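Novice: here you go, sequence then predicted model.
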Amino acid sequence: MKERKTVGSLVRKPLVDVLMGQRSLIPPVWLMRQAGRYLPEYRAIRDRTKDFLDLCFNPKLAAEVTLQPIRRFGFDAAILFSDILVVPHALGQRVTFEAGEGPRLEPLDEPLALRRLQRKIDHEVLAPVYETIVRVRSELPADITFLGFCGAPWTVATYMIAGCGTPDQVPARQFAYRHSDGFADLIKLLTDASADYLIRQFQAGVDAVQIFDTWAGVLPVDEFDKWCIKPCAQIVAAVREHIPGAKIIGFPRGAGTKLAPYIADVPVDAVGLDWMIEPAFARDQIQKRRPVQGNLDPLALLAGGEALDRSIDGILAAFGSGPFIFNLGHGVLPETPIAHVERLIARVRGLPLKG
Ligand code: CP3
């Protein structure tokens with residue numbers, strides 16, 4: 001891939017500039033789950049591996065899959081191809097992915113079950129992830145931001161306790177009320193493990209990381225403070241102790257008005273907005289204080305046409321005059337047509353559609 005936008009020897013990364021609080025005329029753009037099943041080149045590689053985790057732990061293939069959406073669409077960021085559930089896997093809770101059924105883990109359904117976990121993550125298990133980062137780094141054009149990530153402790157805990165995805169996270173919510181000490185121990189273990197994991201990702205070569213708190217939205221205010229805000233703030237502090245100035249994006253999906261206390265207490269460089277947030281609230285209460293990222297409804301991208309154009313224009317009108325990264329409000333859906341992604345990029349960048 002060729003290098004672009006070089007000024008002398010100084011290569012700017014537009015997305016990192018936004019994380020430093022700058023506003024750009026054309027917002028940098030990437031999409032959560034930009035690598036995945038909607039891409040035929042991803043499916044071709046995925047068909048060659050049995051379990052999804054085998055792909056995550058194969059540095060050559062994982063690096064290839066990370067770079068596929070960059071080659072095809074020219075996004076401003078590449079996100080490491082891996083999964084948030086490699087962390088429980090590296091804590092000794094085996095994770096498998098059944099085809100079409102999502103993740104399966106042996107559920108931690110009572111506090112004593114927590115004893116089955118290791119006290120620290122095993123970096124040997126995660127070594128292929130760090131090797132993937134080194135490989136991607138060496139191939140990525142200098143103006144493209146390389147993002148690492150982890151799941152936030154609360155979201156990872158919901159899968160560890162239920163043993164699978166659930167629509168409403170009832171098993172973890174019940175566990176947290178019934179066994180709050182045991183749950184606090186699990187969150188602490190995940191907080192330390194996630195910070196260690198992100199530090200290693202920075203050391204291997206990522207430019208910034210995102211903390212995915214996909215299920216933050218099911219928590220009432222007090223629980224949101226205990227299980228989302230506090231652990232995320234601790235992760236940010238621990239990472240910056242080792243990597244001063246580390247750039248971090250927080251994504252507490254579904255937080256709604258709780259985004260205000262989130263940005264007050266979690267010193268992330270930018271915050272991800274989901275598609276449900278009220279735009280005036282997000283602009284006036286959040287973006288005035290912190291760069292924002294988001295927030296196209298993944299279903300508008302799936303639908304395409306005028307609905308897609310209207311949604312993109314609305315988002316640019318709401319957030320385009322402040323520090324802003326264009327993204328979805330959650331991940332790309334597997335059925336999304338590639339032409340709709342091309343249309344999105346052209347519209348965000350103000351370019352004519354090719355072909
Ligand atoms: O964004 C990217 O392109 C990078 C890769 C990435 C994946 N998962 C790949 C993946 C990232 C950042 C994730 C994060 C992740 N994983 C989250 C947080 C963000 C979100 O989407 O809410 C969560 C909750 C998970 C857990 C997970 N992984 C589930 C529930 C599933 C099954 C549902 C599904 O979409 O299939 C996965 C599997 C998964 N993770 C796939 C991919 C490409 C599909 C697996 C396959 O190809 O067979």
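Specialist: Here it is on my side, so go on.
Novice: please count neighbours and contacts with C-alpha atoms only from this point.
Specialist: Will do.
Novice: for the ligand, what's the nearest residue on the stretch 51-200 of the chain?
Specialist: Distances between the stretch 51-200 of the chain and the ligand by Cα to the nearest ligand atom are smallest at residue 102, namely 3.8 Å.
Novice: one more: the stretch 201-350 of the chain?
Specialist: Closest point on the stretch 201-350 of the chain to the ligand, by Cα to the nearest ligand atom, is residue 214, at 4.7 Å.
Novice: tell me the contacts of the closest residue to that residue other than its chain neighbours?
Specialist: Leaving aside its sequence neighbours, residue 214 sits nearest to residue 253 (Cα to Cα, 6 or more residues apart in numbering; 5.0 Å). Shown in contact with residue 253 (Cα atoms under 8 Å, 6 or more residues apart in numbering): 212-217, 272-274, 330.
Novice: could I get these as CSV with neighbour count, pLDDT and secondary structure?
Specialist: Below are these laid out as CSV (neighbours: other Cα atoms under 10 Å; pLDDT from 0 to 100; DSSP: H, G, I helix; E, B strand; the rest coil):
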residue, neighbour count, pLDDT, secondary structure
212, 23, 98, strand
213, 23, 98, strand
214, 19, 98, coil
215, 21, 98, coil
216, 23, 98, helix
217, 17, 97, helix
272, 27, 98, strand
273, 28, 98, coil
274, 24, 98, coil
330, 23, 98, coil
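Novice: one step back: how close does the residue nearest to residue 214 get to residue 296?
Specialist: 13 Å (Cα to Cα, to the nearest Å).
Novice: now do residue 119
Specialist: For residue 119, the distance to residue 296 - Cα to Cα - is 39 Å.
Novice: so which of the two has more stuff around it?
Specialist: It is residue 296, of residue 119 and residue 296, that has more neighbours when counted by other Cα atoms under 10 Å, with 25 against 15.
Novice: okay, the more buried one: pLDDT?
Specialist: Note on residue 296: pLDDT of 98.
Novice: next up, the contacts around the closest residue to it other than its chain neighbours.
Specialist: Counting by Cα to Cα, 6+ apart, residue 296 lies nearest to residue 328, which is 4.3 Å off, once chain neighbours are set aside. Applying Cα under 8 Å, 6+ apart to residue 328 gives the contacts 31-32, 274-275, 294-298.
Novice: which ones among these lie within strands?
Specialist: 294-296 (DSSP state E).
Novice: who's in contact with whichever helix or strand residue 230 is part of?
Specialist: Assessed by DSSP states H and E, residue 230 sits inside helix 230-242. Outside helix 230-242, the residues within contact range by Cα under 8 Å, 6+ apart are 152-153, 187-188, 191-192, 194-196, 198-199, 211, 246, 248, 265-268.
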